[in-house]
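Peer 1: Need coordinates for the below:
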Amino acid sequence: MDDERGNGGLNPSQRRHLLSSCQYADKLLSEIESVLAASQSKSPFPKFRADVSPAQAKVISDYIARIRDQVVRVLESQGVTIPDPHIGASHSVRVTLEFLDIAFEECRPKRMAGYGEIGSMASTAMSGLVDEMQGIIARLAAYLAQGEFADLQSRLRRLEEAGAGIALVKTLERTIDRNGLVEFRPALTTIVERLESGSFEIAVFGRVSSGKSSLLNYVVGREVLPVGVNPVTAVPTRLRFGEEARATAWFADRKPEHFEIGRLAEFVTEEHNPSNALHVTRIVVALPAARLREGIVYVDTPGLGSLASSGAAETKAYLPRCDLGVVLIDAGSTLTQDDLSTIRALYDAGIPASILLSKADVLAPPDRELARRYIADHVRSDLGVELPVYPVSIKDGYSSLLETWLDTRIIPLYDRHAQLAQESLNRKIGALRLGVEAAINARLKRRQHGAQVDLTKLRELESELRTAAGRIAEERAKCIGLSDALRESAGQFIRTAAGSLIEEAGSARAAAEKHPVEVAIERLAAERAAGIVSSVRDAATRAEDALLKTGKALDTENSPDSYDFATVITDMPRLDAGSLEGGGLQNRRRSVFGRAWAIRRLERGLRTQFGRQIEDAVSVWARVVQAWVRRTFSELQERFDSSADAYRAQLGRLLADPDAKADDSQALRGDLAALAAAGNSAENGRKAPGAAARKAAEP
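Peer 2: Sure, this is the predicted structure:
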C-alpha cells in the first residue's frame, strides 16, 4: 500500500481526483480568459460590457499564469503525470473565481477521504495547497473588487497631468506590470491612493468600546459616528473636510452610493451591517469641521478583540495605510496583548504611534498617574519603544485632558501635515522599491547562474511553506473541534471534579477563598485550555520556522530575524464558574462500597446542587474560547500569508523556467537601473526644497 501511495503520498484514485480537479480549475481559468477577450471584442452585439481596462486585463493574466504554474508544481509534487492535451467583463470573472475556489475546496483531505485513506503528510500538504491556491484567488478577487480604482495607469496619468512628481511611482508600476510582480500590487495601490488624497491620515485604534467613536465625535464637534456598548464600526470610516456634510460608501459589488450622514449606522455598524454583509470597501464622511480644514483626515477603525472578527480583519488590513496611529486604552480596563500588537504593527510598518488612556475621568488623579506609568513601562519593556501616554476624556470637567493632547501632539501637525504626509509616503515608496528590487535581483541571479540553482532545494522550500500552511489549517480545525466539544462537556467536568474531590477528601488543605467545586471545575478548564494553546503554539512555531528557512535560503534582502508569531497568542479566556454557594459536598468522603460508588454519589449531589449553573458557565466559556480560536488563527494566517505569498511568488518564478537563460538579463538590469535613477531623482527632488527654504530663511 505504501508503494502504491508513493511513500505515504496519494494513491492512484486520489491522484486521478487531484488531476481532474486541476483540469477543471484550468478550464475555469480558460473561461476567464475568454471573458476578457470577449469584453474587448469589436462586435456590434457584445456579450459583456467593456469595463475591464487593458491594465486590469494584464494583471488578471499575470495571476492566471501564477495559478497555472502552481498547479503544475502541485501535480509534480504528488507524482501526477500531466496527460497530453486531447483538444488542440469584471463581474463574470469574479463569479468564475467562485467556482475556481470551490474546485480547490474539493481537494481538502476530508473531501478526498472517499477516494481512500490519505496519509498524514499528504493530508497536511493538501490542506496547505488548498489554502495557498485560495489565497491567490482571493487576492485576484480583491483586486477586481476595486473596480475603476484598479486601473493604476490611468490614475497615475491624471496625477502627472496635475503636476505631481511621481516618476519613481510610475517606474515601480511599469516594473511590477512588466515582470508580473502581482504580489506588490496592494502596496502600490495604497501609495497611489495617498498621492491622490494628499492628506495626512490619523487612524484611531483600540478595543471594542474603548471610546474611539466618541473621541472623534468630540474632535469634529459633531455627533457623526454611532457609539454604543456593542461593536458599532464594521469598516474603517474616514472623516475629511467638505463644504457640505455628506457621506459616500464604496462597495465590492456595485457602484458607490452617496447618502445623508444620518444613515451612517446602516453601513458601519455590526447591528445593521453584520460581518460587512453589504460588502462595503470604504466609507468617507465629508464635514465642514474646523479641525479637518487643513487636510488632516481622521479614521475610525473597527474595534479589536470583538467576537465579530471581520471588523478586526478590516482594521489590520487598513493599518499600514495610515500616517499616524492613535491607540486608545480604556482606563476602566487594562493594557492587553491586542493593544501591544497594534503598537508593534504600527512600528513594524514605520508608522509613528501615540497612546491615549481613554475615559480617564473614571480614575482619581493618583490612580490616573499610576495607570499612565504602568502602560508606558509595559510598552517600553515589551516592545522596546519609549512612548508618552496621555490621559484623555470627553466628559464635562475633564475635556481639558483631551484638549491638552490635541494642542501638544495634533495641532502642530496641521502646519506640517503636507511635509509629514510626504515623509510617510516616501517611507511607503521606499519599502516598495526595496521589495521590487529584491524580486528583480532574485530573478536576475537565476538568469545569471542558470542550472547552478538547486531546483530540488527550491521545491523543498515550497513544500515546507505549503506544509506550514496546512498545519495552520489542521490545527485550526482541531482547535475549533475542541472548543465545540467544550459546549457539551459540563457533565464530564462535574464527573471529573467529583473524582478529584473524593481523592482530596483525605488530604489536609488550607481553606480556599473559592468553593472547592468551583476550584476543581476551573482547574479542569485550564487543563483543556492549555491543550488548545499548545496546538496554536505548535502551528505558530512551524510557520515561523518555515518562513525563516525560506528567507535565508533565498537570501532575501531585509529578511527579518524573527516573525514574532508568538505575539498573536494572547491570554486564553478563562472559565468563570461564578460564585457557587451552598453545600453539595456532604457526601465528599470515601465509602466502603469503593471509590467508583463514592464518585457517582458525589456527582449526583453536584449535579443537583450546581448542575445548571456549571452548564451555563461552560457553555458561555466554550463560545468565547471558539471566538478566541478563530480570531487567533485568523491573525496567525494573516501574518504568515503576508510573508509567505512573496516567498511563494519568488519561488514560483525561480521554478517556472528550469532552462532559464540570460536572454532577459539585460531587461532586468535595465529595470534595476531605471528604479535606481528614478529613486535618485526623487531623493534629489526632496533635498532641493529643503535647501532652498534654508537659504531663503538666511538673513
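
Peer 1: Isn't Glu544 up against Tyr563?
Peer 2: Yes: look at Glu544 against Tyr563 with C-beta atoms under 8 Å: they come within range, at 4.8 Å. Just so you know, the C-beta spots here come from the backbone N, C-alpha and C atoms, and that holds for glycine as well.

Peer 1: can you list the domains in this structure?
Peer 2: 2-145, 198-395, 455-649 (automatic domain parsing).

Peer 1: Now render the ones you listed as TSV, adding distance to Val182.
Peer 2: Output for the domains of the chain, formatted as TSV (distance: least, C-beta to C-beta, whole Å):
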stretch	distance to Val182
domain 2-145	5
domain 198-395	17
domain 455-649	7
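
Peer 1: Which one, of those, ends up nearest to Leu168?
Peer 2: domain 198-395 (17.0 Å; C-beta to C-beta).

Peer 1: Mean pLDDT lowest where, among the domains of the chain?
Peer 2: The weakest mean pLDDT among the domains of the chain belongs to domain 455-649, with a mean of 76.

Peer 1: Can you give the distance from it to the centre of its chain?
Peer 2: The chain centre lies 23 Å from the centre of domain 455-649; the measure is C-alpha atoms, centre = their mean, to the nearest Å.

Peer 1: Can you get me the start-to-end distance on it?
Peer 2: End-to-end distance for domain 455-649, by C-alpha to C-alpha, to the nearest Å: 15 Å.

Peer 1: about what we covered before: out of the domains of the chain, nearest to Glu437?
Peer 2: Short answer: domain 455-649, nearest of the domains of the chain by C-beta to C-beta, at 7.7 Å.

Peer 1: Count residues in the vicinity of Ile614, would you?
Peer 2: The number of residues packed near Ile614 is 24, by other C-beta atoms under 10 Å.

Peer 1: Quick check: phi and psi at the nearest residue to Leu636 once chain neighbours are set aside.
Peer 2: Nearest residue to Leu636 in three dimensions, chain neighbours excluded: Val568, at 5.0 Å (C-beta to C-beta, 6 or more residues apart in numbering). The phi/psi pair for Val568 (degrees, to the nearest 10) reads phi -80, psi -20.

Peer 1: pretty sure Val568 contacts Ser341?
Peer 2: Yes: when contacts are counted by C-beta under 8 Å, Val568 is listed as touching Ser341 (7.2 Å).

Peer 1: Name the residues contacting each of these two.
Peer 2: The contact sets of Val568 and Ser341 overlap at Glu635 (C-beta atoms under 8 Å, 6 or more residues apart in numbering).

Peer 1: Which residues are in contact with the residue nearest to Leu636?
Peer 2: Contact analysis of Val568 by C-beta under 8 Å, 6+ apart lists 341, 540, 632, 635-636, 639.

Peer 1: any chance of those in JSON lines, plus distance to Gln626, neighbour count and secondary structure?
Peer 2: What follows is the contacts of Val568, written out as JSON lines (distance: C-beta to C-beta, whole Å; neighbours: other C-beta atoms under 10 Å; DSSP: H, G, I helix; E, B strand; the rest coil):
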{"residue": "Ser341", "distance to Gln626": "20", "neighbour count": "19", "secondary structure": "helix"}
{"residue": "Ala540", "distance to Gln626": "18", "neighbour count": "26", "secondary structure": "helix"}
{"residue": "Thr632", "distance to Gln626": "11", "neighbour count": "22", "secondary structure": "helix"}
{"residue": "Glu635", "distance to Gln626": "15", "neighbour count": "22", "secondary structure": "helix"}
{"residue": "Leu636", "distance to Gln626": "16", "neighbour count": "21", "secondary structure": "helix"}
{"residue": "Arg639", "distance to Gln626": "21", "neighbour count": "22", "secondary structure": "helix"}
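
Peer 1: Okay, helices next: where are they in the stretch 351-500 of the chain?
Peer 2: 365-383, 399-405, 411-449, 455-486, 490-504 (DSSP state H, counting those that start in this stretch).

Peer 1: Which among those helices is found nearest to Ala55?
Peer 2: That would be helix 411-449 among these, by C-beta to C-beta, at 17.2 Å.

Peer 1: before we move on, the earlier item: now the contacts of Val568 in TSV, please, with extra columns for distance to Arg66.
Peer 2: Below are these laid out as TSV (distance: C-beta to C-beta, whole Å):
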residue	distance to Arg66
Ser341	31
Ala540	27
Thr632	29
Glu635	25
Leu636	24
Arg639	22
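
Peer 1: does Leu575 sit in a helix, a strand or a coil?
Peer 2: Using DSSP: H, G, I helix; E, B strand; the rest coil, the structure places Leu575 in coil.

Peer 1: and it, what does it touch?
Peer 2: With C-beta under 8 Å, 6+ apart, Leu575 has these contacts: 521-522, 525-526, 529, 617-618, 621.

Peer 1: Restricted to buried residues, select these in ChimeraX.
Peer 2: To isolate the buried subset of these in ChimeraX, counting by 16 or more other C-beta atoms under 10 Å, use the following:
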select :521,522,525,529,617,618,621
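
Peer 1: could you dump the contacts of Leu575 to CSV with secondary structure and distance to Asp555?
Peer 2: Formatted as CSV, the contacts of Leu575 follow (DSSP: H, G, I helix; E, B strand; the rest coil; distance: C-beta to C-beta, whole Å):
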residue, secondary structure, distance to Asp555
Ile521, helix, 53
Glu522, helix, 50
Ala525, helix, 47
Ala526, helix, 44
Ala529, helix, 41
Ala617, helix, 53
Val618, helix, 51
Trp621, helix, 47
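
Peer 1: Using CSV, lay out the contacts of Leu575 together with distance to Ser123.
Peer 2: Putting these into CSV (distance: C-beta to C-beta, whole Å) gives the following:
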residue, distance to Ser123
Ile521, 35
Glu522, 35
Ala525, 30
Ala526, 31
Ala529, 26
Ala617, 36
Val618, 31
Trp621, 30
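
Peer 1: Which of the contacts of Leu575 sits closest to Val280?
Peer 2: Once C-beta to C-beta is applied, the member of the contacts of Leu575 that ends up nearest Val280 is Trp621, at 32.9 Å.

Peer 1: Spatially nearest residue to the closest one (excluding sequence neighbours)?
Peer 2: If you skip the residues right next to it in sequence, Trp621 has Leu575 as its closest partner in space, 4.4 Å away by C-beta to C-beta, 6+ apart.

Peer 1: Give me the phi and psi angles of the one you found.
Peer 2: The phi and psi values for Leu575, taken as degrees, to the nearest 10, are phi -70, psi 130.

Peer 1: For Leu420, see how far away it is.
Peer 2: Distance, Leu575 to Leu420, by C-beta to C-beta, to the nearest Å: 47 Å.

Peer 1: how far is stretch 406-415 from where the chain is centred?
Peer 2: Centre to centre, stretch against its chain (C-alpha atoms, centre = their mean), the figure for stretch 406-415 is 31 Å.

Peer 1: Check stretch 193-213 too.
Peer 2: Averaging C-alpha positions (C-alpha atoms, centre = their mean) puts stretch 193-213 17 Å from its chain's average.

Peer 1: Run through the bridge partners of Val297.
Peer 2: Under DSSP bridges, the beta-bridge partners of Val297 are Glu201.

Peer 1: Surely it is in contact with Ala203?
Peer 2: No: assessed by C-beta under 8 Å, Val297 is found out of contact with Ala203, at 9.1 Å.

Peer 1: ok, those two, which is more surrounded?
Peer 2: Neighbour totals were compared for Val297 and Ala203, and Ala203 leads with 25 against 21 (other C-beta under 10 Å).

Peer 1: give the contact list for the more buried one.
Peer 2: Ala203 sits next to 236, 298-299, 301, 318-319, 321-322, 324-326 when contact means C-beta under 8 Å, 6+ apart.

Peer 1: does it sit in a helix, a strand or a coil?
Peer 2: Ala203 is classified as strand under three-state DSSP.
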